[in-house]
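Chemist: My questions concern the predicted model and sequence given below.
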Amino acid sequence: MKVEVAPQVYWVGTIDWNVRNFHGYTYTTPRGTTYNAYLVIDEKIALVDTVAPPFAGEMVRRIRELIEPGRIDYLIANHGEIDHSGAIPEVLKLAPQAQLICSKKGKDSLGKYLGPDFDFQAVGTGDKINLGQKSLTFIEAPMLHWPDSMFTYIEEEALLLPNDAFGQHLATAERFADQLPVWLVMEEAARYYANILMPFSPLVVKKIAEIQEMGIAVDIIAPSHGLIWRKNPGQIIETYLRWARGDFKPKVLVVYETMWGSTEKIARALIEGLLSEGVEAALYGLPMADRSEVIKELLDAKGILVGSSTHNRQMLLNMAAFLEDLIGLRPEGRLGAAFGSYGWGSRAVKQMEEALKEARIEVVESGLAIRWAPSEEERARAVEFGKRFARLVKESVFSSP
Ligand code: FEO
């Protein structure tokens, strides 16, 4: 099955239907993923990116349907992470003369992953390789999402190959975003952005501006995960800008972990208060709720309330893991507060407040700590707390320019 992305540019990647986590279980992938590699056939032949190691044979079979793999002249590694570079050794066994190309920082990561025998030639923004009728231009894209990341651009086809940027973890038989319902593709694009690119949002804005200033036409965006944007690629670019700049709704997530049900009772009272003020709100009990899904929901939420019982003077373990994730993702621009039930000491509430601050979330209310199970009066206090927080969220959303 040949998949032509543009004239003489073919998808030669693989579909990983079964993968359910990425980056060491920090990110769940309930719909699997794809590893996209692209073969550019011209007087010279270039392979842009490869696939994860277990799928090398499948990628080579796909290349063989188009050309003899030994004819590959250039192997472009846009990024050193192994899901894209892991099959380079297999390709080089078949095409030992192929010239390896990566970014300057890619020499570090790829050299370490693949060993010192691989001779990479480093390129920078604006460097170009002519293949005959087509050319490859490179654009460094540090922190989208690693320091070594770069994009490859084929001017003659107005085709951008941005590696991880604009991707989705979505395994399907279709290869193009316009072949599936928009809501599904955008949901996975949002999950991907929130869990991978959110900490680099200022750089996303800068990189998109830089590409727009270069004045290059982009008719197709073919990322290295998920579906290819061939109709209206401007839509995903605009959506990235919106996510990166922080397009918040009056929406609050209540995320909690409970020991004997008391913290859950507080959480339910908070939701009652939030909803009565007309904000959108949802409850996520850990560990039942999928952490990556909660983070996706945070993308357009202005507020977050986190709760945990105190156990052995600590917050509970799944809440600690969630907050560690948030600290790494740095979801700036949101408001937060902490709550929880305690027996002999309420230290978890302070711990969660500190973690929220470290995640660059503005803590706008002192934590709500309630001893043992909430009484009727304390439950009412939690409802009021929710109402106050909702009002702060609404004020903040509606007063933003
Ligand atoms: Fe899909 Fe950063 O690797």
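Modeler: Now that the structure is in, tell me what you want to look at.

Chemist: Am I right that Lys112 sits in a strand?
Modeler: No - using DSSP: H, G, I helix; E, B strand; the rest coil, the secondary structure at Lys112 is helix, not a strand.

Chemist: contacting residues for it?
Modeler: Gly80 (C-beta atoms under 8 Å, 6 or more residues apart in numbering). (Each C-beta comes from the backbone N, C-alpha and C, glycine too.)

Chemist: Give me the nearest residue to the residue in the chain that the ligand sits nearest to, chain neighbours excluded.
Modeler: Proximity of the chain to the ligand (C-beta to the nearest ligand atom) peaks at Glu81, 3.6 Å away. The shortest distance from Glu81 to any residue other than its chain neighbours is 6.5 Å, reached at Trp146 (C-beta to C-beta, 6 or more residues apart in numbering).

Chemist: Next: Glu378.
Modeler: Ile370 (4.9 Å).

Chemist: SS state for the one you found?
Modeler: Ile370 is classified as strand under three-state DSSP.

Chemist: hang on, the earlier thing: check the burial of the residue nearest to Glu81 by counting its neighbours.
Modeler: Counted with other C-beta atoms under 10 Å, the neighbours of Trp146 add up to 19.

Chemist: That one: which element?
Modeler: Secondary structure assignment for Trp146, by DSSP states H and E: no helix or strand.

Chemist: measure it to Lys2 for me?
Modeler: 31 Å (C-beta to C-beta, to the nearest Å).

Chemist: for Gly345, same thing?
Modeler: Distance of Gly345 to Lys2, computed by C-beta to C-beta: 65 Å.

Chemist: Pick out whichever of those two has more residues nearby.
Modeler: The neighbour comparison of Gly345 against Lys2 (other C-beta under 10 Å) goes to Gly345, with 12 against 9.

Chemist: re the thing from before, next up, the contacts around the residue nearest to Glu378.
Modeler: By C-beta under 8 Å, 6+ apart, the residues touching Ile370 are 262, 266, 339-342, 378, 381-382.

Chemist: Residue numbers of the chain in contact with the ligand?
Modeler: Neighbours of the ligand within the chain, by C-beta under 6 Å from any ligand atom: 79, 81, 83-84, 145-146, 164, 224-225.

Chemist: From these, which land in helices?
Modeler: Among the residues of the chain next to the ligand, the members found in helices (DSSP state H) are 83-84.

Chemist: Now for the residues of the chain next to the ligand: which two are most distant?
Modeler: Across those, the longest distance by C-beta to C-beta is 14.1 Å; it joins Trp146 and His225.

Chemist: could you pull out the helices for this structure?
Modeler: Under DSSP H, the chain gives helices at 56-64, 82-85, 88-94, 106-114, 182-192, 201-214, 234-245, 262-276, 291-298, 317-329, 347-358, 376-399.

Chemist: what's in contact with the last one?
Modeler: Pointing back at helix 376-399 there. The contact list for helix 376-399 (C-beta under 8 Å, 6+ apart) reads 248-252, 265-266, 269-274, 276-279, 281, 302-303, 305, 335, 337, 339, 364-365, 368, 370, 374.
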